[in-house]
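Undergrad: The amino acid sequence is not available; the structure is as follows:
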């Protein structure tokens, strides 16, 4: 049997074994007895595409994985924050250029060596990923996201790193939001160790 025929057979095996929009781990390919040389050959032939280290997707599939699906699968421990969350809540009308994700500062930086989609990590202590977290629906996928009150704490925390127009619009958007919870804001600010700063920045408007 020709080498090209063998590669085609292995490609068909992958298509039968995995959903066409699914991200596939190297370990899953090895379970099908597809090893390094097979993966390289399939990638070179354009049957597989490497998303990041240890993750592939089937090329020429009718239904490619969405950005939200990739984010959910690669970063289940992450929390959407900053510009991504501001746009979600309507506090910014600028479409985010990347996915802003709050993540444990002890996580491997290599996790974010990914060409697509664009991801910007915000590293913080693990304890700060345990409160002020809710859920958001993106393209039929449920992702973790900071709630409105926690989000504004993070904006104030990162105010020197944000452009002034976006920052001011976010603050005013929150102040005018009927769904905000001042009590939750205060609780989040206490846990974040920035109650005085939050009161100084927006206390006069609340």
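TA: Cool, got the structure. Everything numeric here is computed off the predicted structure, so don't read it as measured data.

Undergrad: who touches residue 27 in this structure?
TA: Residue 27 makes contact with residue 54, according to Cβ atoms under 8 Å, 6 or more residues apart in numbering. Heads up, the C-betas are built off the backbone N, CA and C, glycines and all.

Undergrad: State the helix or strand in which it lies.
TA: Mapping residue 27 onto the secondary structure by DSSP states H and E places it in helix 26-31.

Undergrad: Off-centre distance for that helix?
TA: If you compare the mean C-alpha spot of helix 26-31 with that of the full chain, they lie 24 Å apart, counting by Cα atoms, centre = their mean, to the nearest Å.

Undergrad: Report the mean confidence score over that helix.
TA: Helix 26-31 shows a mean pLDDT of 87.

Undergrad: Tell me the buried residues in it?
TA: By neighbour count, and taking 16 or more other Cβ atoms under 10 Å as the criterion, the buried residues in helix 26-31 are 26, 28-29.

Undergrad: if we take these, which one ends up nearest to residue 96?
TA: The nearest member of those to residue 96, counting by Cβ to Cβ, is residue 26 at 29.8 Å.

Undergrad: Excluding chain neighbours, what is closest to that closest one?
TA: residue 54 (4.8 Å; Cβ to Cβ, 6 or more residues apart in numbering).

Undergrad: who's in contact with that neighbour?
TA: By Cβ under 8 Å, 6+ apart, the contact set of residue 54 is 25-27.

Undergrad: If we use 10 Å, what do you get?
TA: When contacts are counted by Cβ atoms under 10 Å, 6 or more residues apart in numbering, residue 54 touches 23-27, 29, 74, 110-111.

Undergrad: Now do the domain split for this structure, please.
TA: By the record's domain assignment, the chain is partitioned as 3-58, 69-205 (automatic domain parsing).

Undergrad: The most centrally placed residue in the chain: which element?
TA: The structure's the chain has its C-alpha centroid closest to residue 71; by Cα atoms, centre = their mean the separation is 4.4 Å. In this assignment (DSSP H and E), residue 71 forms part of helix 67-74.
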